[in-house]
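*Asks:* Starting from these lines, generate the structure:
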Amino acid sequence: MALLSPGVEVTVIDESFFAPVVSTSIPYILLATAQDKVNSTGDVAIGTTAENANLVTPVTSRRELVTLFGNPAFVAASTGGVVQAHELNEYGLQVAYSVLGVTNRVYVQRADIDFNQLVGTSVRPTNTPANGTVWLDLDNTDFGLFEWNASDQTFNKITPIVIDSVADAAGGVPNADIGTIGDYAVVATVDTNPVYLKDSAGAWNLVGSDGAWLRSSYTVQGTVGTPTVSIADDFTINTTAVASTGTTLTTLVGDINTAAITGVTADEADGKLTLYVDETSESDGATADGNIAITGTGTILADVGIVAGTYYGLDVQLSKHTSVPTWKSSDAAPRPTGSVWVKTTIPNSGADFNVSLFDDVLEEWTRVDAPLYGSNAEANNALDSAGGGFNIGSGALYVRYDTVEDGTATYSIYERLVSGATNVTGTFTDFAGTPLTVGDDFTVQVSEKGSDTLTAAATITMTGVTASTFVQDVINENIDGLTASVATSGAIVLTHSYGGTIVLVDAASQGTVLADVGFNNTNTYIEDGNAANQLVLSNWVKPTYTASLTQPKVDPVDGTQWYLSTGNEIELMIDQRTCRKG
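*Replies:* Now for the predicted structure:
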């Protein structure tokens, strides 16, 4: 104590604390934290991963501690501050941090407990999808459907029912209890995402198909109710003569159906003669597909109120927004109410498929482009006209419409598996067994640079029975972009050097060349075509994806714990051992 000036006294007290110069022991701290925490650098703190649980880790500084295990976390109170003594507070980590303030070494062991799993929730826990998972967001997808109304000569936007549950679409068709008459539905549980219409009988029919869908709207109807028909008068439907055997409408309907006119059926509706097209292909060639041409003698047509002429059945047109169907009464081929336009481009409420990929770094879904095209060839030309498809990057997506090539309203997602040339290898390697036969043949078509279509079919005939002769037979055909080679395994390789599509057809009447050399749909790059014995070889493949109205989740990993936070629910565990009266 010393007096420095009158009335001033200064006292110095040394309260410093130092660890002994030579420590007789190193602290060991057992702690628990949340799993996969993120440290201050934005990286996962590796000490908190599941694979590093229960490891005893030497730590020599506070900085190393928070890098390995993240900053100590404490549950915050709603009013601010910390909820003291909360079971999820990371006290152990805080102790380790404090100890490293007075010593330079501790042993830390994190128990295999994830505090995140101890946070109460009212819904079951789920896991995030794998990186690159493809999701078709049905809630935000527009299928580009419009229905024609012949009465007011306008198109009406269709908002279909979207089905993402297998239970609601047994066999890929909407269940009978779904929707009402006139509703449309898209079945997203099938990879072709077909569109159905519910008809007046309550049945669902694929839009664009023959049969019931075509009969969902009449092609022509008489204007006279309950007519009296002149007996023995006759008329012609698509070159088939029909003679009236009675005077009633019922008799006339029977006469028409007895004539068995290809693609035409008759019925009574509202007491009037009603004719339907029920096939889009006419075998007699008298009229264009799906039409009814009517002529008559006597007064029979006037009796029922039908004017001689050609009438057009329901139609489906899949086209860009700039290619509007010509279905008006003033057009050359007017169509009845119920015809459907699938608008394949986005403008003016056209098709807009909302497809996203999951990014496991950002832990979020990122939308990607998925335009609509009618074929692989069209996609190649649209996305890489100059290269023929060679420059399309792996992972690119597109949606193919009319995926089964029969004029129906269907859509399939395709993904570019690899970039560059298309290389497809057969599975057969031992040609010593002579699987080939001289004279057998198959046809081939390929996509071209700058074209939406395939080349004309070329026939390749076997001149030998070895892999080498097969390769030479392909090369000799001199098809632009197509070549063949023999792999080191002995298998045959077909290559489209532009990265295009190759379409092969095995003529069953002339051998089974493609099957013999091992080209089939077990190969990732080969899918069955829509024609008989047709194979499509391409870098475009159908990916595995999830179609749903909500973001996809996957089941949690085994061992995940869940604390149900709903306070008004009780789980009763029942011992099922037999109880006996004692």
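*Asks:* which one is Val557 nearest to, not counting chain neighbours?
*Replies:* Asn127 (6.3 Å; Cβ to Cβ, 6 or more residues apart in numbering). (C-beta placed from N, C-alpha, C; glycine too.)
*Asks:* is that neighbour in a bridge, and if so with what?
*Replies:* Val554 (DSSP bridges).
*Asks:* Hmm, it is touching Lys553, no?
*Replies:* Yes. Applying Cβ atoms under 8 Å, one finds Asn127 in contact with Lys553, separated by 6.9 Å.
*Asks:* Between these two, which is the more surrounded one?
*Replies:* Lys553 (14 against 11; other Cβ atoms under 10 Å).
*Asks:* if I pick the more buried one, what's in contact with it?
*Replies:* 126-129 (Cβ atoms under 8 Å, 6 or more residues apart in numbering).
*Asks:* So which residues make contact with the strand or helix carrying Thr495?
*Replies:* Here Thr495 sits within strand 492-496, counting by DSSP states H and E. Identification of contacts with strand 492-496 by Cβ under 8 Å, 6+ apart yields 421-426, 428, 446-447, 467, 470-471, 474, 481-487, 502, 517-519, 537.
*Asks:* Show me what secondary structure element comes after it.
*Replies:* Downstream of strand 492-496 (by DSSP H and E), the next one is strand 502-506.
*Asks:* pLDDT averaged over that following strand - what is it?
*Replies:* Throughout strand 502-506, pLDDT has a mean value of 96.
*Asks:* Quick check: mean pLDDT of whichever helix or strand comes after that strand?
*Replies:* Note on strand 502-506: by DSSP H and E, the next helix or strand toward the C-terminus is helix 513-516. Taken as a whole, helix 513-516 has an average pLDDT of 93.
*Asks:* Next secondary structure after helix 513-516?
*Replies:* With secondary structure assigned by DSSP H and E, helix 513-516 is succeeded by strand 526-528.
*Asks:* Check which helices and strands that next one sits against.
*Replies:* strand 534-537 (3 or more Cβ pairs under 8 Å, 6 or more residues apart in numbering; DSSP states H and E).
*Asks:* Direction included, what does the helix or strand following the strand it packs on pair against?
*Replies:* Sequence-wise, the next helix or strand downstream of strand 534-537 (DSSP H and E) is strand 540-541. Sheet pairing of strand 540-541 (DSSP bridges) gives strand 411-416 (antiparallel).
*Asks:* Output the strand it pairs with as PDB, nothing but the C-alphas.
*Replies:* C-alpha atoms of strand 411-416 as PDB (Å, rounded to 0.1, in the frame of the first residue of the first chain):
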ATOM      1  CA  TYR A 411     -46.100 -37.500 -72.200                       C
ATOM      2  CA  SER A 412     -42.800 -39.100 -71.200                       C
ATOM      3  CA  ILE A 413     -39.700 -37.500 -69.600                       C
ATOM      4  CA  TYR A 414     -36.300 -38.300 -71.200                       C
ATOM      5  CA  GLU A 415     -32.800 -37.500 -69.900                       C
ATOM      6  CA  ARG A 416     -29.500 -37.200 -71.900                       C
END
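*Asks:* hang on, Gly254 in a helix?
*Replies:* Yes. Counting by DSSP: H, G, I helix; E, B strand; the rest coil, Gly254 is located in a helix.
*Asks:* Distance check, it against Ala243.
*Replies:* Distance, Gly254 to Ala243, using Cβ to Cβ, to the nearest Å: 12 Å.
*Asks:* Please enumerate residues in contact with stretch 426-435?
*Replies:* 465-467, 489-494, 516-520, 522-523.
*Asks:* hang on, the earlier thing: mind checking how far the residue nearest to Val557 is from Ser323?
*Replies:* The value you get for Asn127 to Ser323, if Cβ to Cβ is used, is 45 Å.
*Asks:* just Gln551 next, same as before
*Replies:* For Gln551 relative to Ser323 (Cβ to Cβ), the value is 35 Å.
*Asks:* So for the two, which residue has more residues nearby?
*Replies:* Gln551 (16 against 13).
*Asks:* Look up the closest residue to the more buried one, ignoring the ones flanking it.
*Replies:* With Cβ to Cβ, 6+ apart, the residue lying closest to Gln551 is Trp365, at 6.4 Å.
*Asks:* hang on, that neighbour is in a strand, isn't it?
*Replies:* Yes. Under three-state DSSP, Trp365 sits within a strand.
*Asks:* In contact with Asp528, which residues?
*Replies:* 521, 534-536.
*Asks:* Please enumerate the helices of the protein.
*Replies:* 62-69, 91-99, 249-258, 300-304, 376-383, 467-476, 513-516 (DSSP state H).
*Asks:* What residues does Pro27 make contact with?
*Replies:* Pro27 neighbours (Cβ under 8 Å, 6+ apart): 99, 103, 106-107.
*Asks:* Asn291 and Gly309 touch, don't they?
*Replies:* No. Contact criterion Cβ under 8 Å: Asn291 and Gly309 do not qualify, at 10.2 Å.
*Asks:* more neighbours, the two?
*Replies:* In this view Asn291 and Gly309 are compared by other Cβ under 10 Å, and Asn291 has more residues nearby, 19 against 11.
*Asks:* if we can go back for a sec, now for the contacts of Pro27: which two are most distant?
*Replies:* Across the contacts of Pro27, the longest distance by Cβ to Cβ is 11.4 Å; it joins Thr103 and Tyr107.
*Asks:* most tightly surrounded among the helices of the chain?
*Replies:* helix 376-383 (a mean of 23; mean count of other Cβ atoms under 10 Å).
*Asks:* Please determine how far Ser61 is located from Asp139.
*Replies:* 50 Å.
*Asks:* again with Gly450
*Replies:* On the measure of Cβ to Cβ, Gly450 and Asp139 end up 38 Å apart.
*Asks:* ok, back up a step: what distance separates the strand holding Thr495 from the middle of the whole chain?
*Replies:* 28 Å (Cα atoms, centre = their mean, to the nearest Å).
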